[in-house]
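Q: Turn this into a model:
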Amino acid sequence: MSNAGISLVTGAAGFMGSHVVEYLAKKGVRVRATSRPRNDTSFFDRLGVEFVPADLMQPSSLECLFEGGVDRIFHLGAICNFSTPYEKLYPTNVLGVDRLTDLAIRKNVKCFIHVTSTSVYGYDQGQPFSENSPRQPMDDYARSKRDGEDIVFEKISRGFRGIIVRPCTVYGPRCNDGAGKVFSRPSKIKAIPGSGQQRLSNIRAEDVAAAVDFLSERDDTLGQVYNLADDSHPTVSEALKLAAATFGTSIPSLRLPLGLVRIVARIEGALCRFNGRIPELEFDAAKYLSADYIVDNTKVKQTGFQFQYPDFETSMHQLGDLYRQQK
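A: Next up is the predicted model:
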């Protein structure tokens, strides 16, 4: 698939969006970055990337994103936390998808890559989540991502050139939201939830960026769904201890029963809502710790995509080196 024109990245000022912008810019792709209006555009300026402000909740602001012709859209614009109620997620995570895909159809965009989340599968189903696993969202965030997917699925059924990509827990440089933040920077978590033997799936942000670009360049990926997860499945205990060692914080040794973890998360959530912040461990995110959370990455690997960071431990060592260099 030829993509010589503009590649539009929504949510470009966010964690994952910024990595997609950075990856494409370093490849020499003509990138147009967009997010809500902001004063500081220095990140995009340093990369030589055009920044055009827009708001998914304001339809009149979206038309200008397509000036000059857009070949690909990497849609990462979303509210990404477990603390925002559905009624506040809906205008961006669902209605925003509908507006942007309608415009993509009108403007003859060659490929629309919709980046969603493995949270749409819900809690552990007794085996690794594959792309064919039933979607059973168990919280407002996951429900909003499922409903956004359904809009894309319906349009794909009518010939829309879309791809749905479901990353699991994403971590890496610049991560300040989502569950991946505890593996991306110094954390205040002092205890291991439950037994600590629950296994996790994670993926580096740089691999998300490389994967969505790779998938967008193939004709046989159109209309498909792809999970994104690395090859390793560390336990909660292993991952938290490794993160503490990586960022030089105290290594957690205490274990808190999951019931108590949820109580603490609920209390912290109430305090953070009062202060307008997102808690370190969100209540709905804590529910995912009751069992293994393993995501099958077979399908994306069958396309020929190769991960730069397939092993969580090796990746964390590299992330620690990067963190120390920047201090």
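
Q: so where is this structure shaky, pLDDT-wise?
A: Counting by pLDDT under 70, the chain contains low-confidence ranges at 1-4.

Q: show me where it has helices.
A: 15-26, 42-47, 86-93, 95-106, 140-156, 205-216, 236-247, 258-275, 283-286, 298-302, 312-326 (DSSP state H).

Q: so can I have CSV of these showing distance to Pro193?
A: All C-beta spots, glycine's among them, are computed from the backbone N, C-alpha and C. Below are the helices of the chain laid out as CSV (distance: least, Cβ to Cβ, whole Å):
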stretch, distance to Pro193
helix 15-26, 23
helix 42-47, 34
helix 86-93, 25
helix 95-106, 33
helix 140-156, 19
helix 205-216, 24
helix 236-247, 6
helix 258-275, 5
helix 283-286, 7
helix 298-302, 28
helix 312-326, 18
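
Q: Tell me which of those helices lies nearest to Arg166.
A: Evaluated over the helices of the chain, closeness to Arg166 peaks at helix 140-156, with 8.5 Å, by Cβ to Cβ.

Q: Nearest to Gln197, out of the helices of the chain?
A: Gln197 sits nearest to helix 236-247 of all those, at 6.8 Å, using Cβ to Cβ.

Q: what's the closest one in contact with?
A: Helix 236-247 is contacted by residues 182-183, 185-187, 189, 192-200, 202, 234, 249-252, 289, 312-313, 316-317, 319-320, 323 when judged by Cβ atoms under 8 Å, 6 or more residues apart in numbering.

Q: Quick one: closest of the helices of the chain to Asp71.
A: With Cβ to Cβ as the yardstick, what comes closest out of the helices of the chain is helix 205-216 (9.1 Å).

Q: Mind listing residues that contact the closest one?
A: For helix 205-216, the external contacting residues (Cβ under 8 Å, 6+ apart) are 1, 3, 15-16, 19-20, 22-24, 27, 29, 72, 74, 111, 113, 115, 163, 165, 167, 170-175, 221, 226, 228, 230, 300, 303, 305, 307-309.

Q: before we move on, what about stretch 269-289?
A: If you take Cβ under 8 Å, 6+ apart as the criterion, stretch 269-289 is touched by 81-83, 119, 123, 138-141, 177, 179, 181-182, 187-189, 193-194, 198, 236, 258, 261-262, 264-266, 268.

Q: 7 Å instead?
A: For stretch 269-289, contacts defined as Cβ atoms under 7 Å, 6 or more residues apart in numbering pick out 81-83, 123, 138-139, 141, 177, 179, 187-189, 193-194, 198, 236, 258, 261-262, 265-266, 268.

Q: now Ala25, nearest residue through space, not along the chain?
A: Nearest residue to Ala25 in three dimensions, chain neighbours excluded: Leu47, at 4.3 Å (Cβ to Cβ, 6 or more residues apart in numbering).

Q: Quick check, that neighbour in contact with Glu22.
A: Yes. The criterion here is Cβ atoms under 7 Å, and Leu47 meets it with Glu22 at 6.4 Å.

Q: With neighbour numbers in mind, choose between the two.
A: Shown here are Leu47 and Glu22; by other Cβ atoms under 10 Å, Glu22 has more neighbours (24 against 17).

Q: contacting residues for Gly148?
A: Here Gly148 is in contact with Asn93, Val94, Val97, Thr116 (criterion: Cβ under 7 Å, 6+ apart).

Q: All good on my end, thank you.
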